[in-house]
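Novice: fold the following, please.
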Amino acid sequence: MFIINPRLASSLAACSIVFFFAAHSVSAGEPKTFTRVITGPQDEYVIEVAGTYDPENVEITIENLGDTPVVNPRMTVNGLYDWYDISSMLAEINAGCTTDEEKALAIWEWVQWKRFQRSPNDESSINPVRNMNGYGYGICGHTAAWVKALAVAAGLKARIWEIAGHTISEVYYNDGWHMLDGNVKVFYLARDNRTIASLAELEKDRWLIERTIHPRDPWVRPADPPGRNLEFVRYLITERDNWESDGYDHEALKDYKMSMTLKPGEKLIRWWKPVLSKFEGRDKDALVPQMYANGQLVWEPDLEKTDLLDYAAYERWDNVTSRQRDGQSPAVHVAEPQNQLYNRPSSFSIPILSPYPVVGGHFWCRLVKESESGSAASVSFNTRSWGSGDNLYNFRWGSGVQDIELDLDSRILERAALDGYYLSFALRSNENASPPRQAGVDWFRSVSDLQVSPHSLPALSLGRNVVRYWDSSEGSKKVRITHKWLEKTDNHSPGRVVQAASPSIGAEVKTLEPALKWQPTGDEDAGDQVADYQVMLSLRPDCRWPLSPALYRNVGSKACEWKVPGSFLNPGTTYYWKVRARDSRGAVGGWGEIFSFKTAVKAK
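Specialist: Just a heads-up that it's a prediction; the model follows:
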């Protein structure tokens, strides 16, 4: 469990990071680094990213170099990734939305592509702020809870239905309920071909389900296999076992915040990859998350300058003091030496608190015990500020100093993912020695391993990135931020589709199943070519969301034509559509120009 070895932490951490970078440098070159030191209450700066494609983000570090706490450090890149609480999440999700319908659809769309299917071993993951920052995955119940929580926070009515084998959410707007399934990434167009159906409508009308596809991801959108479609028909139409549930509200509707304080000498490191291969439930469930990332919270204060007791958990009667308070050594030690009448050990705890799930850790420290007898120094692991805890190391025999390394993984991973823990110290000095002998702690280094959702991290993109930083600290501070990324120069996205072939823009068509045709686009990389196109058709002039998931489809080839399936269009109505391409190496281009056509009043 422990290794007597002074200050190995820095070299070990460096080795793990160098290995991670080296693994990518073979094909992508050395990482680029940008560092910014901030001393004011807020800051804004620009990072230019070169290359031909969005970079591979590697690491973001926020470090407190000053002598005062840094409270709630926050940042955005190009206005994104401030997911501190549900309000800041909604500011990103509902940007540009003016109606309740737009807010509901934006929430549904945002949730579905920030998650994948796996259930965390953590009840708090039902909360969207906790989950989307720390995990990024959940099953249908989680997803429905996130949609409801975000909708309620946006001022909308929402509810959750259990439907015997699945869980869904409904949001109320435009005087009606509308079923929005963020887990299956689907909604169902009602018979009017304009509005999204409610669960009550679906229970009575299975055809609405049967004509819809259930997509796998943003690009994989073929027709449903018969069994997949029938699965959802069975879920939804069996109304006798459909019931409304509020069982998720106790966690989902909590006002959870990503609050944290970086103490002097503390830094938060976050990677976009699972550098440490540590995740919640690792010892209980062999299923590795489909996508997750790691980080570390590292605290190594300079105890010559920092009074540890300003950040420790202790009470006056715990009988501890520090070098800053009485000028004596070690850095933290017994205030009044123990004797036969007063033999209660001195005690204090170091809090290690994180808004991200803690999934492992190491601790290094120097214990000091000046007397061979009548004194002791021990370390224990706790999930509370104080208590019996799990004893990690006891310096009882002999005297002098002992530098120890403690592996905390077994303590942390035997539980559900933690949001923090305490390292507790018990000290006994010897008043009967002449002169009295001290006991205490002279230095320490704490490394807590974190799990983070890579979706939540402040990612740089190709071109100009505007980064904004702010925090809630009072007084002076000194914060260093470091960005690391790998630029990509070996692939270009395919070009945008900018010209419709048929129907011409604004033209009237006499059929409700028109064939949409466009001029092909290309790819500037030698030997590369467009492999597939994707089409979206909408009632909205901005073409932000499809009219139905069945009208947001892959062509399945490089053919520049797609026929609109029957039953979805109405006569005498204007529709809008757009196309994007994917190349043979998987690079997806941007959406092209938005085209339009109008169905004739007597179209069939």
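
Novice: okay, CA-based contacts and neighbour counts for the rest of this
Specialist: Noted.

Novice: can you tell me the closest non-neighbouring residue to Tyr314?
Specialist: Phe348 (4.9 Å; CA to CA, 6 or more residues apart in numbering).

Novice: doesn't the one you found belong to a strand?
Specialist: Yes. Counting by DSSP: H, G, I helix; E, B strand; the rest coil, Phe348 is part of a strand.

Novice: what distance do you get for it to Tyr311?
Specialist: Distance, Phe348 to Tyr311, by CA to CA, to the nearest Å: 10 Å.

Novice: more neighbours, the two?
Specialist: A count of neighbours by other CA atoms under 10 Å puts Phe348 above the other of Phe348 and Tyr311, at 24 against 14.

Novice: so the more buried one touches Thr321, yeah?
Specialist: No. Phe348 is beyond contact range of Thr321, at 9.7 Å (criterion: CA atoms under 8 Å).

Novice: quick one: the residue nearest to Tyr314 and Asp318, what's the gap?
Specialist: Distance of Phe348 to Asp318, given as CA to CA: 7 Å.

Novice: next one: Thr52
Specialist: As judged by CA to CA, Thr52 and Asp318 stand 61 Å apart.

Novice: swap in Glu44?
Specialist: 45 Å.

Novice: so which residues of the stretch 151-300 of the chain form helices?
Specialist: 199-204, 207-210, 226-237, 249-252 (DSSP state H, counting those that start in this stretch).

Novice: Glu508: which of the ones you listed is closest?
Specialist: helix 207-210 (27.0 Å; CA to CA).

Novice: pLDDT value on Asn339, please?
Specialist: For Asn339, the pLDDT comes out at 87.

Novice: which ones are touching the closest residue in space to it that isn't next to it in sequence?
Specialist: Of all residues beyond its chain neighbours, the one nearest Asn339 is Glu431 (5.6 Å), with distances taken as CA to CA, 6+ apart. Shown in contact with Glu431 (CA atoms under 8 Å, 6 or more residues apart in numbering): Pro337, Gln338, Asn339, Arg437.

Novice: ok, now with 10 Å
Specialist: Glu336, Pro337, Gln338, Asn339, Gln340, Ser371, Gly374, Ser375, Arg437, Gln438 (CA atoms under 10 Å, 6 or more residues apart in numbering).

Novice: ok, the closest residue to Glu280 other than its chain neighbours to Lys273 distance?
Specialist: Excluding the flanking residues, the one nearest Glu280 by CA to CA, 6+ apart is Ala417, at 5.4 Å. The gap separating Ala417 from Lys273 is 19 Å, by CA to CA.

Novice: who has more neighbours, these two?
Specialist: Neighbours per residue (other CA under 10 Å) separate Ala417 from Lys273, with Ala417 holding more: 24 against 19.

Novice: which residues does that one contact?
Specialist: With CA under 10 Å, 6+ apart, Ala417 has these contacts: 120-124, 279-282, 356-360, 450-451.

Novice: can you pull the residues that touch both of Phe348 and Asp318?
Specialist: Common contact partners of Phe348 and Asp318 (CA under 10 Å, 6+ apart): Ala426.

Novice: what does stretch 250-258 contact?
Specialist: For stretch 250-258, contacts defined as CA under 10 Å, 6+ apart pick out 72-74, 82-88, 123-130, 133-134, 142, 144-150, 152-153, 246, 354-356.

Novice: if we go to 7 Å?
Specialist: The contact list for stretch 250-258 (CA atoms under 7 Å, 6 or more residues apart in numbering) reads Tyr84, Asp85, Ser124, Ile126, Asn127, Pro128, Val129, Arg130, Ala145, Trp146, Ala149, Pro355.

Novice: how about stretch 333-346?
Specialist: For stretch 333-346, contacts defined as CA under 7 Å, 6+ apart pick out 318-322, 426-432, 438-441.

Novice: ok, of the residues you listed, which come out buried?
Specialist: Listed as buried from these are 318-322, 426-431, 438-441; burial here means 16 or more other CA atoms under 10 Å.

Novice: low-confidence stretches in the stretch 1-150 of the chain?
Specialist: When residues are selected by pLDDT under 70, those of the stretch 1-150 of the chain lie in 1-28.

Novice: got a list of what Pro264 touches?
Specialist: Contacts of Pro264 by CA under 7 Å, 6+ apart are Asn64, Leu65, Gly66, Asp67, Thr68, Pro69, Pro301.

Novice: among the contacts of Ala417, name the buried ones.
Specialist: Buried among the contacts of Ala417 (16+ other CA under 10 Å): 120-122, 124, 279-282, 356-360, 450-451.

Novice: having no further points to raise, I will conclude here.
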